[in-house]
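Enquirer: for reference, the sequence and a predicted model appear below.
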Amino acid sequence: MDREMIVVLDFGGQYNQLIARRVRECNVYCEVHPYNMPLDRLKDMRPKGIIFTGGPNSVYAEDSPLCGKEVFELGVPVLGICYGSQLMAHLLGGKVATAPVSEYGRTEVEVDNGAAIFSGVSSKTVCWMSHTDYIEQAPEDFKVTAHTPVCPVAGMENAERGLYAVQFHPEVMHTQEGMKMLHNFVINICGCKGDWRMDSFVETSIEAIRERVGSGKVLCALSGGVDSSVAAVLLAKAIGKQLTCVFVDHGLLRKNEGDEVEEVFGPNGPYDLNFIRVNAQERFYEKLAGVEEPERKRKIIGEEFIRVFEEEAKKIGAVDYLVQGTIYPDVIESGLGKSAVIKSHHNVGGLPDCVEFKEIIEPLRLLFKDEVRKAGLELEIPEKLVYRQPFPGPGLGIRIIGEVTAEKVRIVQDADAIYREEVAKAGLDKGLGQYFAALTNMRSVGVMGDERTYDYAVALRAVNTSDFMTAEAAQIPWDVLGTVTSRIVNEVKGVNRVLFDCTGKPPGTIEFE
Ligand code: XMP
C-alpha cells in the first residue's frame, strides 16, 4: 500500500514510542525499528523522513549503538533527538563530549525561529532536557539553531542536506512547543500531507491480517476488556468465521459482565464470528477454596485460565494463529523485565505456550491505550466497552482479601455495581483513572434495626493516574460517598461498614492484592 511513512530508528531511549505516537498525531503513519535495521530494508520502506531517538549511551563509548553514514545520503530528511543528535554530530565530523554541566528537566532554550524546525516557535521556549553528553561543536557544514547558557548546540541543521538535530526531547509534554517542532519536521520539512487517520490504521490492519492469515484458523482469548475486544473485532472484520473467540467466565468478573460481553460478541451481537463462552466459575472457586495468599491466588487463577483455554483450543483443533490484545505499554513493561516482581501474572493476556500455534498476531502492539480506544470507535464497538476502565485478569479474585468464595464474590459484585452506578450518576466516571469496590477480610460489629451485626467491611478505591505505574487517591465528594455507603450497607447483605482508601501508589498498589 502506498502511504506516507516516517521511520523512527530506535537507539534505546525511553520515549521512542512516544515519538511515533506524536508523529501519528500529525496524521502521518509511523513505525519504530531497531537502529541497526538493514539499510536496504529501510530504503524499501520509502520513508518520507527518519527520526533518530535518544538513548542512554555515549556516542564515543565502546559498543555504543551506531549506524552508518549512508543513512544521511538517502535523500530523506533526518531528525536526531538527544543521543540521536549527538550521533549525527559525531558521524558527520562534529565533536561530542561529556557536558561540564548536565541538564535534566525543564530548561529554557533560545531558538532561532528562522530555522525550519523552529518555525512559529517562541524564541525562548521551555524544553525537556536529559543529557550528560553534549555537542561541543557542530559539524562544519551545520548551522547552530538553538542553545542554552550551558549547552552551545541545543539544535543544529544542515537544511540543504535535510539534516536536523535537537538535544532536548520534543516528544514529551514538558517541551511546551514540542508538537509544533515535530509538526514542522514531519509536514513542512518531510513534506508529508498528513492524511493518515485511525481509520487508515484499521483498513491497513485488516488488509495485512487477511494477507497473513490466508485461510488459516485463528483463536482469540477474549476478556471483554478494551484491548482484546478491539483486537477481536479487527480480526472479525478481516476474516469473519475463521476467527473463534473464547471467553472464559471465571466467576470473578464484575456484576453482569459475562452477559454484557456475550451480548456484544455472542450470536445475537453484530459480529460474524464464532464465540464460545466457557462458564468455569465452579472450577475456579474449587481451586481457590481455602487459599488466602495473594500470589498463590494469582497463580491458581492464571494457571486455571490457561487450562480452560487450552481445553477449548484443543476442541476446536488445528488452530494456526493466536490473537493477543497486547498494546504498547504491555510491551514496555515486559520488555524491561528488570524490575522487581511486585505481583506475578500481571497480564492474563500472556497465554499458553503449551498450546501450539504457528504464530501470534498482535494487531495493537504499537498503539497506546487512547489510540486503541480510537480504533475501537472506528470499528463501531459500543462506547460502553471502548471506555471501560482497566480490569485485572485475575478479576475480583484480587479484590477479595483472603479466601475467595462465591458468597464474597456476590458481595463485592453488588457493592462495586452500586459504587460505579453512583459515580457515573454524579458525572465523575470519565474523570477517574480507576475506581472499584473491594472486600476487606475484616468483620466488625455494627448495629442495624436495633440488632447487633458482625459483618464485612467494603473498601472503596478511586485513583487518578495516567500510566497506572503511579497513582494518587482521587477525591470523591463526601455526598457521593455518603450515598454509596448507605446504599451498600442497606442493599448488600453481609456488609455493615464502608471504608475509603486514601493511599496512593506508591506506597500502595492500585489493586489490593
Ligand atoms: P497495581 O495493582 O499493580 O495495578 O497497581 C496497576 C494496573 O494493572 C492492573 N492489574 C492487572 N491487569 N492482570 C492485568 O491484566 C493482572 O494480574 C493485574 N494486576 C493489576 C490494575 O487493575 C491497574 O490498572
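Expert: Yes, it's here. Numbering: from 1, shown residues only.

Enquirer: tell me the contacts of Val264?
Expert: Ser229, Pro270, Tyr271, Ile381, Pro382, Leu385 (C-beta atoms under 8 Å, 6 or more residues apart in numbering). No exception for glycine: its C-beta is placed from N, CA and C like everyone else's.

Enquirer: looking at those residues, which is nearest the ligand?
Expert: Proximity of the contacts of Val264 to the ligand was ranked by C-beta to the nearest ligand atom; the top entry is Ser229 with 13.7 Å.

Enquirer: the closest one: neighbour count?
Expert: A count of neighbours around Ser229, defined by other C-beta atoms under 10 Å, yields 26.

Enquirer: secondary structure element for it?
Expert: helix 226-239 (DSSP states H and E).

Enquirer: residues from the stretch 401-513 of the chain in reach of the ligand?
Expert: By C-beta under 6 Å from any ligand atom, the part of the stretch 401-513 of the chain that sits against the ligand consists of Gln434, Phe468, Lys505, Thr509, Ile510, Glu511.

Enquirer: now do the SS call for whatever residue of the stretch 1-150 of the chain ends up closest to the ligand.
Expert: Evaluated by C-beta to the nearest ligand atom, the stretch 1-150 of the chain has Gln17 as its residue closest to the ligand, separated by 18.6 Å. State at Gln17, reduced to three classes by DSSP: H, G, I helix; E, B strand; the rest coil: helix.

Enquirer: where exactly do the helices run in the stretch 1-150 of the chain?
Expert: Ranges of helices in the stretch 1-150 of the chain, per DSSP state H, counting those that start in this stretch, are 16-25, 39-44, 83-91.

Enquirer: out of the ones you listed, flag the one nearest Thr53.
Expert: Minimum separation from Thr53 across the helices of the stretch 1-150 of the chain (C-beta to C-beta) falls at helix 16-25, 4.6 Å.

Enquirer: residues of that closest one that come out buried?
Expert: Within helix 16-25, the residues that qualify as buried are Asn16, Gln17, Leu18, Ile19, Ala20, Arg21, Arg22, Val23, Arg24, counting by 16 or more other C-beta atoms under 10 Å.

Enquirer: go ahead and confirm the last one touches Glu371.
Expert: Okay, so that is Arg24. Yes - assessed by C-beta atoms under 8 Å, Arg24 is found in contact with Glu371 at 7.2 Å.

Enquirer: give me the distance between whichever residue of the stretch 101-250 of the chain sits closest to the ligand and Leu367.
Expert: The nearest approach of the stretch 101-250 of the chain to the ligand comes at Gly225, 7.5 Å away (C-beta to the nearest ligand atom). Look at Gly225 and Leu367: by C-beta to C-beta, to the nearest Å, they are 14 Å apart.

Enquirer: of these two, which one has the most company?
Expert: Using other C-beta under 10 Å as the criterion, Gly225 and Leu367 rank with Leu367 on top: 24 against 20.

Enquirer: for the more buried one, list the residues it contacts.
Expert: Phe201, Ile327, Tyr328, Ala375.

Enquirer: nearest to Lys493, of those residues?
Expert: Ile327 (38.9 Å).

Enquirer: next, count neighbours for that closest one.
Expert: Around Ile327 there are 23 residues (other C-beta under 10 Å).

Enquirer: same question for Glu4.
Expert: 20.

Enquirer: local confidence estimate at it?
Expert: What the model reports as pLDDT for Glu4 is 92.

Enquirer: could you shift the numbering so residue one becomes 379, and keep it that way?
Expert: Let's use 379 as the start, then, which means that last one is Glu382.

Enquirer: and it, what does it touch?
Expert: So, once contact is read as C-beta under 8 Å, 6+ apart, Glu382 ends up touching Val406, Tyr407, Lys426, Cys570, Lys571, Asp573, Trp574.

Enquirer: can you pick the most crowded of the residues of the stretch 779-891 of the chain next to the ligand?
Expert: Ile888 (21 neighbours).

Enquirer: from Gln812, how far out is that residue?
Expert: Relative to Gln812, and taking C-beta to C-beta, Ile888 is found at 6 Å.

Enquirer: then Phe520?
Expert: 48 Å.

Enquirer: Lys752 now?
Expert: From Lys752 over to Gln812 the distance is 20 Å, taken as C-beta to C-beta.

Enquirer: same question for Glu481.
Expert: 35 Å.

Enquirer: what of Val841?
Expert: 5 Å.

Enquirer: check contacts around the residue nearest to the residue of the stretch 479-628 of the chain closest to the ligand when sequence neighbours are not counted.
Expert: Leaving aside its sequence neighbours, Gly603 sits nearest to Phe769 (C-beta to C-beta, 6 or more residues apart in numbering; 5.8 Å). Contact analysis of Phe769 by C-beta under 8 Å, 6+ apart lists Ser601, Gly603, Arg632.

Enquirer: low-confidence ranges, this protein, go.
Expert: Scanning the chain for pLDDT under 70 picks out 379-380, 707-734.

Enquirer: rerun that using 50 as the cut-off
Expert: 379, 712-718, 721, 723-728 (pLDDT under 50).

Enquirer: now do the helices in the stretch 629-778 of the chain.
Expert: 635-643, 659-666, 672-694, 706-714, 747-756, 761-764.

Enquirer: dihedrals phi and psi, the nearest residue to Pro434 once chain neighbours are set aside?
Expert: Leaving aside its sequence neighbours, Pro434 sits nearest to Gly390 (C-beta to C-beta, 6+ apart; 5.9 Å). Backbone geometry at Gly390, expressed as degrees, to the nearest 10, gives phi 100, psi 10.

Enquirer: what do you get for the one 3 residues further on?
Expert: In terms of degrees, to the nearest 10, the main-chain angles of Tyr393 are phi -110, psi 20.

Enquirer: that one contacts Ile429, doesn't it?
Expert: No - checked against C-beta under 8 Å, the pair Tyr393 and Ile429 is beyond contact range at 11.1 Å.

Enquirer: the more surrounded of the two?
Expert: Ile429 (30 against 19).

Enquirer: residues contacting that one?
Expert: Ile384, Val385, Val386, Leu387, Ile397, Val401, Val456, Leu457, Gly458, Ile459, Gly462, Phe563.

Enquirer: one more time with 7 Å, if that's ok
Expert: Counting by C-beta atoms under 7 Å, 6 or more residues apart in numbering, Ile429 touches Ile384, Val386, Ile397, Leu457, Ile459.

Enquirer: possible to save those residues as a markdown table with distance to the ligand?
Expert: Formatted as a markdown table, the contacts of Ile429 follow (distance: C-beta to the nearest ligand atom, whole Å):
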| residue | distance to the ligand |
| --- | --- |
| Ile384 | 31 |
| Val386 | 27 |
| Ile397 | 25 |
| Leu457 | 34 |
| Ile459 | 29 |
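
Enquirer: those: which two are farthest apart?
Expert: Farthest pair in the contacts of Ile429, by C-beta to C-beta: Ile384 and Ile459, 12.6 Å.

Enquirer: so for those two, which sits in the more crowded spot?
Expert: Ile459 (30 against 27).

Enquirer: now for the closest residue in space to the more buried one that isn't next to it in sequence: which residues touch it?
Expert: Nearest non-adjacent residue to Ile459, counting by C-beta to C-beta, 6+ apart: Gly432, 5.5 Å away. If you count contacts by C-beta under 7 Å, 6+ apart, Gly432 has them with Phe389, Gly391, Tyr393, Ile459, Cys460, Tyr461, Gly462, His547.

Enquirer: nearest to Ala658, out of those residues: which one, please.
Expert: Looking across the contacts of Gly432 and measuring by C-beta to C-beta, the closest to Ala658 is Tyr393, at 41.1 Å.
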